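Enquirer: coords please:
(one chain, ligands or ions: 1)
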Amino acid sequence: MSNYHIKHLEEYYQVYRKSVRNPEGFWEEIAEEHFLWRKKWDKVLSWDFSKPEVKWFEGAQLNITENCIDRHLATRGEKTAILFEPNNPDEAAQHITYNELYKRVNKFANVLKVQGINKGDRVCIYLPMIPELAVSVLACARIGAIHSVVFAGFSSTALSTRINDSDCKMVLTSDGSYRGAKTIDLKGIVDEALESCPGVKSVLVAKRINTEINMVSGRDAWLQPLLDNASEHCDAELMNAEDPLFILYTSGSTGKPKGMVHTTAGYMVYTAYTFKNVFQYRENDVYWCTADIGWITGHSYIVYGPLVNGATSVMFEGVPSYPDFGRFWDIVQKHKVNQFYTAPTAIRALAKQGAELVEKYDLSSLKVLGSVGEPINEEAWHWYNDNVGKRNSPIVDTWWQTETGGIMISPIPYSTPTKPTYATLPFIGIQPALMDENGDELKDNQVEGRLCIKYPWPSIARTIWGNHQRYKETYFSAYENKYFTGDGALRDEVGYYRITGRVDDVIIVSGHNLGTAPIEDAVNEHPAVAESAIVGFPHDVKGSALYGYVTLKDTGESRDQNNLRKEINQIITESIGPIAKLDKIQFTSGLPKTRSGKIMRRILRKIAQKDTANLGDTSTLLNPEVVQEIMDNVL
Ligand code: 7RM
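Expert: This is a model prediction of the structure:
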């Protein structure tokens with residue numbers, strides 16, 4: 001028996017040691033027992049970080065959709081694969097069984113084929129969180145087309161840049177989308193984008209909001225009639241282990257977005273194995289990840305990881321605030337969700353609304369709570385633990401990246417004792433290293449440095465689409481023979497990791513290296529504070545000084561801002577020390593965020609440094625309007 005399902009801490013340590021002593025033997029055993037291969041591999045791993053080149057399970061042949069769907073039909077055909085919860089709570093949820101998913105994916109795959117899509121072609125998917133999104137992702141994988149999902153909140157410019165970068169031949173979209181009480185004209189955005197995308201030959205349109213839209217003849221077609229005419233069977237294309245499965249764009253700190261390329265076999269093995277263990281998924285559990293499939297979290301932990309394990313995965317179309325801020329808990333109660341996975345930004349937004357909205361619902365089905373996307377600050381961690389988990393469901397703070405494909409540092413719930421704000425221990429097979437300023441590895445515990453990974457894992461992105469040189473420079477050039485994550489981290493006395501944020505967030509004040517996360521934690525302890533972001537700005541004496549942007553809770557009372565400033569600095573002094581006091585505190589109605597909920601400290605830093613000539617592209621932000629407000633009131 002391999003170690004597919006880890007159930008206690010000693011087992012974790014034992015399996016971890018095995019995975020590090022003999023990575024190839026370890027992953028070979030996992031791969032052997034839990035997946036459907038058309039042909040086994042000739043070689044488990046070959047790698048060279050100096051090129052860089054990584055290959056897993058070379059020589060193997062498979063199709064990931066046979067692992068996600070076909071092989072479950074005999075035992076789980078009538079089990080719900082995707083549980084679709086619509087934006088409007090009065091619309092019925094859809095329980096899409098594995099049998100139905102098989103038919104829908106195969107029909108869709110046949111439509112793609114008829115439309116001239118072949119193995120290796122790129123297909124851009126610009127769809128809201130409706131079943132067609134998951135189905136189309138799998139349909140591409142069925143025929144070996146490379147999907148490039150673009151989050152359907154991105155603008156037409158962002159969309160056309162991504163379509164052109166990877167030469168997509170086709171775009172899949174819908175007439176529009178629901179977002180809370182609003183509708184969004186997705187097809188209009190696609191039309192605008194395609195004015196500058198000559199390579200796109202066809203657009204297939206799903207009906208969702210039933211509005212009149214413009215259809216370009218010879219290019220656009222409604223999806224449903226094509227599906228109605230398609231056969232329910234489509235042979236799965238035989239894919240090589242290292243054939244690309246998808247491209248997913250992630251923004252860099254400079255330059256155009258990077259199309260991270262993930263390949264087939266390693267990605268499948270790693271997302272499936274992490275899903276099983278990090279969420280301790282058991283047959284008949286209902287698992288819900290609130291991310292959008294437009295992000296890596298949705299790819300790996302709504303679609304592929306859960307389905308490879310034969311799980312029931314909830315897919316939610318709406319937003320946490322509609323019809324009110326109790327919606328998440330309403331869904332947990334309604335579908336008896338067992339594992340719930342969300343982002344710190346959502347937790348903070350819900351915490352701001354108070355605990356009453358949580359208490360109305362029965363959340364007793366919950367067994368595991370997940371967090372991803374940003375460092376989870378101490379206050380949010382406790383709020384989540386106390387009010388959602390009732391101190392009864394372990395929180396898995398999962399650190400990973402688009403580039404890593406799967407979860408890299410995380411507790412294993414019910415095994416690893418958790419610690420607020422710590423992602424805790426490396427997952428099985430992951431070999432982290434903390435590096436100092438001179439490029440040397442810090443080997444002890446109780447150190448802080450830049451986080452690297454020393455050894456390949458199966459789901460590492462293999463390249464940046466069309467730009468291998470940039471891939472090498474971004475990830476493999478800072479430290480010899482190591483993958484550099486771009487994050488800072490500290491390791492405590494027992495070897496637990498805490499991610500302190502992107503390293504460009506590290507601020508050196510009077511020679512002291514300060515991570516922003518712990519200071520933000522202190523600021524957020526103030527009862528009137530909802531959220532905060534801290535950046536550095538140049539200072540004559542200290543080199544850098546700290547600038548805090550703070551949003552307040554909507555408590556109705558107006559407070560004297562100077563008193564608030566004093567109180568906030570008093571808390572910082574008590575919890576970190578006077579060195580970390582903020583020189584400037586600006587109160588603002590919101591913080592600029594990416595559409596996946598990460599605070600854009602880069603913009604805040606430029607404003608604090610009065611360097612606003614070069615703010616870069618703010619159009620892809622969730623709330624570009626706050627940028628002007630913040631600039632107008634800068635201190
Ligand atoms: C999964 C995802 C990656 C960046 C990463 C970090 C930050 C993600 C955590 C986190 C602290 C976490 N992919 N990050 N998870 N920081 N604790 N648990 O978010 O490509 O969109 O972002 O997100 O800075 O480098 S991503």
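Enquirer: Excluding residues flanking it in the chain, which one is nearest the closest residue to the ligand within the stretch 101-250 of the chain?
Expert: Residue of the stretch 101-250 of the chain nearest the ligand, by C-beta to the nearest ligand atom: Thr250 (5.0 Å). Where C-beta positions appear, they are placed from N, C-alpha and C, glycine not excepted. Nearest residue to Thr250, sequence neighbours excluded (C-beta to C-beta, 6 or more residues apart in numbering): Thr402, at 4.1 Å.
Enquirer: Just give the number of residues close to the one you found.
Expert: 19 (other C-beta atoms under 10 Å).
Enquirer: pretty sure it is in a strand, no?
Expert: No - counting by DSSP: H, G, I helix; E, B strand; the rest coil, Thr402 is not part of a strand but coil.
Enquirer: what sits against it?
Expert: Leu248, Thr250, Met260, Trp295, Ile296, Ala461 (C-beta atoms under 8 Å, 6 or more residues apart in numbering).
Enquirer: Swap in 7 Å and give it another go.
Expert: By C-beta atoms under 7 Å, 6 or more residues apart in numbering, Thr402 lies in contact with Leu248, Thr250, Met260, Ile296.
Enquirer: Tell me which helix or strand in this structure has the weakest average pLDDT.
Expert: Least confident helix or strand of the chain, by mean pLDDT, DSSP states H and E, is strand 512-514 with a mean of 71.
Enquirer: if we can go back for a sec, take the contacts of Thr402 and keep only those in helices.
Expert: Ile296 (DSSP state H).
Enquirer: Cross the contacts of Thr402 against strands and list the overlap.
Expert: Leu248, Thr250, Met260 (DSSP state E).
Enquirer: pLDDT value on the spatially closest residue to the last one that is not a sequence neighbour, please?
Expert: The spatially closest residue to Met260, leaving aside those adjacent along the chain, is Ala461, at 4.2 Å (C-beta to C-beta, 6+ apart). As predicted, Ala461 sits at a pLDDT of 98.
Enquirer: would you say Ala461 is within a helix?
Expert: No - counting by three-state DSSP, Ala461 is not part of a helix but coil.
Enquirer: if we can go back for a sec, what's the closest of the ones in strands among the contacts of Thr402 to Leu546?
Expert: Nearest to Leu546 among the ones in strands among the contacts of Thr402: Thr250, at 28.1 Å, using C-beta to C-beta.
Enquirer: where does the closest one land on pLDDT?
Expert: Reading off the model, Thr250 has pLDDT 89.
Enquirer: Return the per-residue confidence for the residue nearest to Thr250.
Expert: pLDDT, read off for Thr402, is 96.
Enquirer: could you check the distance from Tyr496 over to Ala533?
Expert: As for Tyr496, its distance to Ala533 is 25 Å (criterion: C-beta to C-beta, to the nearest Å).
Enquirer: meant to ask about Pro131
Expert: 36 Å.
Enquirer: Which one's more surrounded, those two?
Expert: Ala533 (24 against 18).
Enquirer: Verify the contact between that one and Tyr547 for me.
Expert: No - Ala533 is beyond contact range of Tyr547, at 9.2 Å (criterion: C-beta atoms under 7 Å).
Enquirer: Could you list the contact residues of the stretch 451-600 of the chain toward the ligand?
Expert: Thr485, Gly486, Asp487, Ile499, Arg502, Ser596 (C-beta under 6 Å from any ligand atom).
Enquirer: Let's see that with 5 Å instead.
Expert: Asp487, Ile499 (C-beta under 5 Å from any ligand atom).
Enquirer: The chain now?
Expert: Counting by C-beta under 5 Å from any ligand atom, the residues of the chain that sit close to the ligand are Thr250, Val372, Gly373, Pro375, Asp397, Trp399, Trp400, Gln401, Thr402, Asp487, Ile499.
Enquirer: Most widely separated two among the residues you listed?
Expert: Thr250 and Asp397, at 20.4 Å, using C-beta to C-beta across the residues of the chain next to the ligand.
Enquirer: tell me the mean pLDDT over the helix or strand harbouring Ile508?
Expert: Taking DSSP states H and E as the criterion, Ile508 maps to strand 507-509. For strand 507-509, mean pLDDT rounds to 80.
Enquirer: now what about that strand, what contacts it?
Expert: By C-beta under 7 Å, 6+ apart, strand 507-509 touches Leu514, Thr516, Gly536, Lys542, Gly543, Ser544, Ala545, Leu546, Ile579.
Enquirer: Tell me where the stretch 351-500 of the chain has strands.
Expert: Counting by DSSP state E, counting those that start in this stretch, one finds strands in the stretch 351-500 of the chain at the ranges 368-371, 395-397, 432-435, 441-442, 447-453, 463-464, 483-491, 497-502.
Enquirer: doesn't Ser410 make contact with Ile430?
Expert: No - between Ile430 and Ser410 there is no contact under C-beta under 7 Å: 9.6 Å.
Enquirer: Looking only at neighbour counts, state which of the two leads.
Expert: Under the neighbour definition other C-beta under 10 Å, Ile430 and Ser410 were set side by side, and Ser410 has more, 27 against 23.
Enquirer: which residues sit in contact with that one?
Expert: Ser410 neighbours (C-beta under 7 Å, 6+ apart): Val278, Val396, Asp397, Thr398, Trp399, Ala423, Thr424, Phe427.
Enquirer: Looking at this structure, which helix is longest?
Expert: Assigned via DSSP H, the chain shows its longest helix as helix 98-114.
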